[in-house]
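Peer 1: quick one, what's the 3D model for this:
(chains A and B)
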Amino acid sequence: MRNILLFIRRYFTFVAFLVLQFIALWMLFNYNRFHRTVGLGVANQFTGTINKQVDRLDDYFHQGEENKRVHRTNDSLLNLLKNNFYYPDTIKRTVTDTVMIDSVRGVRRYYWLDAKVVYNTVNFDKNYLQLDRGSKYGIKDNMAVLSSEGYVVGVVVNVSPNFSQVMGLLHVQSSVSASLKNAGESGRVEWDGKDPKIIILEGIPKNIPVKIGDTVVTSKYSYNFPPEKIIGTVSGIANDPATGFYLLRVRPAVNFSSVQQVFVVENLQREEQEQLEKDTEKKIDQQKGKTQ
Amino acid sequence: MSDLVKNIFRLFIFVLVQVYVLNKIPHLHRYIVPYLYFLFVLWLPFSINRLGLLLAAFAGGLLLDYFTNTPGLHAAACVLVAYARPFIINILIPKDTNEFNYREPSPGALGWAPYSVYVLILTILHNTYLLLLEYLHFGTFLDFLMKVLTTTAISLLLIFTTELLFTRKVKYRTNTA
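Peer 2: Here you go, the predicted model:
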């Protein structure tokens, strides 16, 4: 016993070093579990407040650009207004008719919230954005984040009361279900961590004609993203030698180093969709059990 | 200003510069990630005891981690640097400690050549360990090696620029302090 104590005293700094290393590595490798339970929520509040202050200063340098962008969005929305169109009599009647019938009334599927980016990097393998809205404002995990023009930015991965963290497209673990606008074929958009101006679209079969400049949009099957939102344009075409698929290089529509105002979009039917998927799996499994 | 207050002040400046300037510079190349914040550990006074040094480095690294959303990553690298620091200082400073009475490592205290060696070894150590941990999560080995080389070069450039821009007054150890 005495020897052990002597040993510890002799190598005290080394033991302390090992303990601190262990704590640090434990935190790093248990990131997700740790994140939910202790500390980081509070730390997020702290860093978020500082981020917000710095961002307020930073805003002055980007206001002109942002203004132009908002004005352009407004312009595109104004063009959609009903009073810009002339409806001949007969068609107009059918339109009002169908709208009045109860059974075809639209169900709201996506709900849009506004938010502002307070911290953002593009230099790392794992680039997160921090938004100035959190759970108090109704932001939850897995909500989609779109830029002020409606281009894809990323997905919310963590929330604290006043702030939320977004995993952008420029994150090596990000994977967004996407499709080619012309062909309708769907695949996944990922990032290889190399160049922030290039993301990769995988899973498009080689028999589909693809041209440089084709638009890549979010797929209709995504639970997070509203369909047909622009992700980027094809900037390079390569064949994946291992599989029968293309490796398409895509130029993101969003400029990640200057993204300021964003929309957070909630899929109001997400829970129902997920529940149905889970129930279906269960049901099929049970049926299998019966027949065997 | 006491050493404690001065170093806390320094830590905050380094972390803020790292988070709001160096991490936000426009992307130049995928290998280029400038790290400067660990200079805080290199500048801690000689007189600090080894446990204190480890704890200070851990706290500093963790503070940065909370900003970059990577709990433990920079803390682990900083603790390693803090652990290795006394060994390297022991090799570099003159054995006759009566004549050696500076308060903290600086080019003035150690001389430019030994100070450069001190900075070089600890920078390589920090970057290798940090990028190794990143590499375990993601990446290829060649990328890892290239990144170590380039980030070390950039870090050295930044550190020597900092030394030249902000020359610290060489302070002597006194009985009063």
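Peer 1: next helix or strand past the helix or strand bottoming out on mean pLDDT in chain A?
Peer 2: Least confident helix or strand of chain A, by mean pLDDT, DSSP states H and E, is helix A:89-100 with a mean of 45. Counting by DSSP states H and E, the next helix or strand C-terminal to helix A:89-100 is strand A:110-120.
Peer 1: need the helix or strand of chain B with the lowest average pLDDT.
Peer 2: helix B:107-110 (a mean of 82).
Peer 1: run through who's touching it.
Peer 2: B:Leu92, B:Ile93, B:Tyr102, B:Arg103, B:Tyr115, B:Tyr118, B:Glu163, B:Thr167, B:Arg168, B:Val170 (Cβ atoms under 8 Å, 6 or more residues apart in numbering or on different chains). To be clear about C-beta, it is placed using only N, CA and C from the backbone, and glycine gets the same treatment.
Peer 1: tell me, how many residues neighbour the spatially closest residue to the first one that is not a sequence neighbour?
Peer 2: Read it as B:Leu92. Distances taken as Cβ to Cβ, 6 or more residues apart in numbering or on different chains put B:Pro114 closest to B:Leu92, at 4.4 Å, once the chain neighbours are dropped. Around B:Pro114 there are 18 other residues, counting by other Cβ atoms under 10 Å in any protein chain shown.
Peer 1: any idea which element B:Pro114 lies in?
Peer 2: helix B:112-137.
Peer 1: now do that helix, average pLDDT.
Peer 2: For helix B:112-137, the mean pLDDT works out to 89.
Peer 1: equivalent analysis for stretch A:257-272, please.
Peer 2: Per-residue scores along stretch A:257-272 average to 87.
Peer 1: cool, and stretch A:49-59?
Peer 2: 85.
Peer 1: run the chain-centre distance for it.
Peer 2: Offset of stretch A:49-59 from its chain centre (Cα atoms, centre = their mean, to the nearest Å): 22 Å.
Peer 1: with stretch B:130-146 instead?
Peer 2: 20 Å.
Peer 1: what count of nearby residues applies to the residue lying closest to A:Asp214 once chain neighbours are set aside?
Peer 2: Leaving aside its sequence neighbours, A:Asp214 sits nearest to A:Val234 (Cβ to Cβ, 6+ apart; 4.5 Å). Counted with other Cβ under 10 Å, the neighbours of A:Val234 add up to 20.
Peer 1: what bridges to A:Val234?
Peer 2: A:Val234 has these beta-bridge partners by DSSP bridges: A:Val250.
Peer 1: what about chain B, any weak spots by pLDDT?
Peer 2: B:1, B:95-100, B:171-177 (pLDDT under 70).
Peer 1: please redo it, this time with the cut-off set to 50
Peer 2: Residue ranges of chain B with pLDDT under 50: B:177.
Peer 1: residue numbers of it in contact with chain A?
Peer 2: Proximity of chain B to chain A (Cβ under 8 Å from any Cβ of the partner chain) is limited to residues B:16, B:19-20, B:23-27, B:30, B:32-33, B:50-51, B:54-55, B:58, B:61-62, B:65-73, B:75-76, B:79-80, B:83, B:133-134, B:137-139.
Peer 1: from those, which ones fall inside helices?
Peer 2: Judged by DSSP state H, helices contain the following of the residues of chain B next to chain A: B:16, B:50-51, B:54-55, B:58, B:61-62, B:65-68, B:73, B:75-76, B:79-80, B:83, B:133-134, B:137.
Peer 1: show the buried residues in these.
Peer 2: B:50, B:54-55, B:58, B:61-62, B:65-68, B:73, B:75-76, B:79-80, B:83, B:133-134 (16 or more other Cβ atoms under 10 Å in any protein chain shown).
Peer 1: my guess is A:Ile231 contacts A:Asp214. True?
Peer 2: No: here A:Ile231 lies out of contact with A:Asp214, judged by Cβ atoms under 8 Å, at a distance of 11.4 Å.
Peer 1: can you list the low-confidence ranges for chain A?
Peer 2: Checking chain A against pLDDT under 50 turns up A:34, A:37, A:90-101.
Peer 1: care to break it down by domain?
Peer 2: Domain assignment for chain A by automatic domain parsing gives A:2-37, A:40-170, A:172-254.
Peer 1: now the helices for the stretch 1-150 of chain A?
Peer 2: Under the criterion DSSP state H, counting those that start in this stretch, the stretch 1-150 of chain A contains helices at A:2-10, A:12-29, A:31-37, A:40-78, A:89-100.
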